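Colleague: 3D, please:
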Amino acid sequence: RPGPDPEIDAMQSYLLSIGLGSQVFDQDAISINVLQGFKLVIWDDLGAQTNELNANTVDVLDGVYGRGVPLYLIGEHLVSASAQLPPMEQAEWQGLTHLQATSGGIPSGCVTIIDPEGPSNPVLWGQFWSVGDFCYAPRIEMATNDSASELLGQSDGASVLLMYPPFDSPGATPVVAQDFRVLPPDVSAATNELTGLFKNAVCWLTGCGYCQDAGLGLEASQTNYLATVGQAMAYTLTASCNGECPPVQVRLTNSLPAGFVFLGATNEQGSWTYDAVQRQVVFYIGEMPQEGSVDLQVTVAPMQIGTFTNNGVIRLAYGPLEEKRWDIEPPMVITVLPATDVAHPRLSLRLLSPVGLELSLMGEAGQVYGIESSPDLLHWEDFTNVLGPVWAGNLAPWPGTNAAGEFYRAWTSK
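Modeller: Numbering: from 1, shown residues only. Purely as a prediction, here's the structure:
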């Protein structure tokens with residue numbers, strides 16, 4: 001570090017929470033021999049405009065990295081700091097950060113995550129958090145990363161987060177470089193993203209282990225539901241743990257029964273996605289609170305009468321190729337009854353000015369309607385599902401005056 005700062009204390013606390021001890025060094029007291037033998041070396045410039053990176057620090061970091069020690073380089077001046085270094089150290093620093101200065105305006109500070117691998121990326125979808133877009137202060141510097149690294153985050157064209165080697169090219173001693181701080185005093189809204197990213201990155205860089213005694217469980221708020229066809233309903237899934245240590249890299253998959261329309265989800269922790277092809281809601285919980293629980297809510301609408309079993313599975317990863325799973329216990333059964341006195345929907349098409357079409361529906365409040373489309377009134381395909389009483393959507397792009405005919409119809413249940 002360049003000097004004392006509350007961020008260093010916070011980082012040591014984060015490291016301890018994932019089972020790693022740490023030792024702090026001021027940059028004027030380090031050497032290759034002092035840092036050699038650690039599992040990881042972290043440099044944090046703490047956003048300092050003065051007393052920043054010096055030539056000896058670069059030489060030492062380059063030396064320990066050359067001996068196989070991973071690096072985590074953090075700060076707000078990873079690129080601009082090198083301008084004060086001698087030419088040799090400038091080249092060394094650029095080789096370590098995989099960043100170089102580039103021209104352009106001052107980025108807004110909001111960081112867009114770049115994630116081609118999805119949940120398999122250990123830095124963005126690690127044990128402790130699924131990292132999404134977040135807004136930082138507008139003091140991020142313009143930079144670009146080299147072709148040897150993999151870009152994970154950008155801010156208005158500036159490369160601000162990268163990993164080396166790329167995810168699909170293992171073998172080299174790893175580096176993570178982020179050109180923003182872990183706990184800046186004025187970005188409280190991004191604390192969860194920044195903390196989760198820090199823990200994920202450290203875990204990938206050190207190859208941290210997995211706790212075997214987690215004691216995960218999954219249950220529904222109630223096991224038997226009565227629902228009405230076409231009416232929205234919500235159910236709560238509760239993930240819990242009671243083992244010796246908090247489980248990490250936890251995800252919950254809820255497979256919807258056939259004939260159920262997905263309307264939305266909420267979660268106390270982490271993030272979620274919906275796979276319309278697999279008809280699955282996936283909650284990425286990350287790190288569970290020890291001897292605690294996390295509530296996850298799903299809102300659906302059953303569009304067929306009958307009795308259905310709703311399947312849920314919670315998984316804990318022990319390693320890249322090993323995981324343990326628990327099914328929801330006891331199973332959740334939903335009985336769907338016919339609706340009575342449901343108002344028939346009314347569909348309307350309206351020509352917009354100067355060009356365009358609006359499709360709208362009027363129906364009953366709280367009722368879910370399916371809309372289908374057909375080119376010939378014989379072959380119908382699902383178009384969308386909407387929630388009454390009123391819905392409207394533009395049919396884009398504008399089909400043109402000579403376009404083939406298209407028909408639409410709405411239904412309440414099948």
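Colleague: ok, which stretches of the stretch 151-300 of the chain are strands?
Modeller: 158-164, 175-178, 216-220, 224-228, 233-241, 250-255, 260-267, 271-275, 280-286, 293-302 (DSSP state E, counting those that start in this stretch).
Colleague: Just checking, which helix or strand of this protein averages the lowest pLDDT?
Modeller: Every helix and strand in the chain was compared by mean pLDDT, DSSP states H and E; the lowest is strand 322-327, with a mean of 73.
Colleague: export stretch 286-303 as PDB, just CAs?
Modeller: Output in PDB follows, covering the C-alpha atoms of stretch 286-303 (Å, rounded to 0.1, in the frame of the first residue of the first chain):
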ATOM      1  CA  GLY A 286     -23.300 -16.900  -3.800                       C
ATOM      2  CA  GLU A 287     -22.200 -17.000  -0.200                       C
ATOM      3  CA  MET A 288     -24.900 -18.100   2.300                       C
ATOM      4  CA  PRO A 289     -25.100 -16.600   5.800                       C
ATOM      5  CA  GLN A 290     -23.800 -19.200   8.300                       C
ATOM      6  CA  GLU A 291     -26.700 -20.900  10.100                       C
ATOM      7  CA  GLY A 292     -29.000 -18.500   8.200                       C
ATOM      8  CA  SER A 293     -31.500 -18.500   5.400                       C
ATOM      9  CA  VAL A 294     -32.300 -16.700   2.100                       C
ATOM     10  CA  ASP A 295     -35.900 -16.200   0.800                       C
ATOM     11  CA  LEU A 296     -36.500 -16.300  -3.000                       C
ATOM     12  CA  GLN A 297     -39.900 -15.500  -4.500                       C
ATOM     13  CA  VAL A 298     -41.200 -16.600  -7.900                       C
ATOM     14  CA  THR A 299     -44.400 -15.200  -9.500                       C
ATOM     15  CA  VAL A 300     -46.200 -17.300 -12.100                       C
ATOM     16  CA  ALA A 301     -49.600 -17.800 -13.700                       C
ATOM     17  CA  PRO A 302     -50.900 -21.400 -14.300                       C
ATOM     18  CA  MET A 303     -52.700 -21.500 -17.600                       C
END
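Colleague: residues of it that come out buried?
Modeller: Neighbour counts over stretch 286-303 (16 or more other C-beta atoms under 10 Å) mark 286-288, 294, 296, 298-303 as buried. Quick note: C-beta positions are derived from backbone N, CA and C, even for glycine.
Colleague: Determine which two of the residues you listed are furthest apart.
Modeller: Within the buried residues of stretch 286-303, Glu287 and Met303 form the most distant pair, 36.7 Å apart (C-beta to C-beta).
Colleague: Leu40: which of the buried residues of stretch 286-303 is nearest?
Modeller: Closest approach to Leu40 among those (C-beta to C-beta): Glu287, at 19.1 Å.
Colleague: tell me which residues in stretch 265-272 are buried?
Modeller: 265, 267, 269-272.
Colleague: what's the angle between the helix or strand just after the least confident helix or strand of the chain and strand 233-241?
Modeller: On the C-terminal side of strand 322-327, the closest following helix or strand by DSSP states H and E is strand 332-337. Going by axes from the mean of the first three to the mean of the last three C-alpha atoms, to 10 degrees, strand 332-337 is angled at 180 degrees with respect to strand 233-241.
Colleague: List of residues touching strand 332-337?
Modeller: Residues outside strand 332-337 that contact it (C-beta atoms under 8 Å, 6 or more residues apart in numbering) are 220, 222-229, 233, 235, 257, 302, 304-310, 312.
Colleague: Kindly write the ChimeraX command that selects the buried subset of the residues you listed.
Modeller: Here is the ChimeraX selection string for the buried members of the contacts of strand 332-337, based on 16+ other C-beta under 10 Å:
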select :220,225,227,228,229,233,235,257,302,305,308,310,312
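Colleague: show me what contacts the closest residue to Ile18 other than its chain neighbours?
Modeller: Closest residue in space to Ile18, ignoring its immediate chain neighbours: Lys199 at 5.7 Å, by C-beta to C-beta, 6 or more residues apart in numbering. Residues in contact with Lys199, defined by C-beta under 8 Å, 6+ apart, are 14, 17-18, 126-129, 287.
Colleague: Quick check: end-to-end length of stretch 156-167?
Modeller: Terminal residues of stretch 156-167 lie 23 Å apart, using C-alpha to C-alpha, to the nearest Å.
Colleague: count of residues packed around Pro375?
Modeller: When counting by other C-beta atoms under 10 Å, one arrives at 12 neighbours for Pro375.
Colleague: Then Val281?
Modeller: For Val281, the neighbour count with other C-beta under 10 Å is 24.
Colleague: Can you give me every residue that contacts it?
Modeller: Neighbour list for Val281: 253-254, 256, 262, 265, 272-274, 298 [criterion: C-beta under 8 Å, 6+ apart].
Colleague: Could you do Leu71 as well?
Modeller: Here Leu71 is in contact with 40-43, 61, 64-65, 96, 175-176, 205 (C-beta under 8 Å, 6+ apart).
Colleague: The same query, at a cut-off of 6 Å, please.
Modeller: Residues near Leu71 by C-beta atoms under 6 Å, 6 or more residues apart in numbering: 41, 65, 175.
Colleague: so Trp93 makes contact with Ser82?
Modeller: Yes. Assessed by C-beta atoms under 6 Å, Trp93 is found in contact with Ser82 at 4.6 Å.
Colleague: Tabulate the contacts of Val281 (JSON lines), appending distance to Gln100 and pLDDT.
Modeller: Putting the contacts of Val281 into JSON lines (distance: C-beta to C-beta, whole Å; pLDDT from 0 to 100) gives the following:
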{"residue": "Thr253", "distance to Gln100": "42", "pLDDT": "89"}
{"residue": "Asn254", "distance to Gln100": "45", "pLDDT": "91"}
{"residue": "Leu256", "distance to Gln100": "48", "pLDDT": "91"}
{"residue": "Phe262", "distance to Gln100": "45", "pLDDT": "92"}
{"residue": "Ala265", "distance to Gln100": "42", "pLDDT": "95"}
{"residue": "Trp272", "distance to Gln100": "37", "pLDDT": "89"}
{"residue": "Thr273", "distance to Gln100": "35", "pLDDT": "89"}
{"residue": "Tyr274", "distance to Gln100": "40", "pLDDT": "92"}
{"residue": "Val298", "distance to Gln100": "46", "pLDDT": "94"}
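Colleague: and those as JSON lines, adding distance to Pro2?
Modeller: Shown next, in JSON lines, are these (distance: C-beta to C-beta, whole Å):
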{"residue": "Thr253", "distance to Pro2": "45"}
{"residue": "Asn254", "distance to Pro2": "47"}
{"residue": "Leu256", "distance to Pro2": "52"}
{"residue": "Phe262", "distance to Pro2": "50"}
{"residue": "Ala265", "distance to Pro2": "44"}
{"residue": "Trp272", "distance to Pro2": "40"}
{"residue": "Thr273", "distance to Pro2": "40"}
{"residue": "Tyr274", "distance to Pro2": "45"}
{"residue": "Val298", "distance to Pro2": "48"}
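Colleague: Thank you, goodbye.
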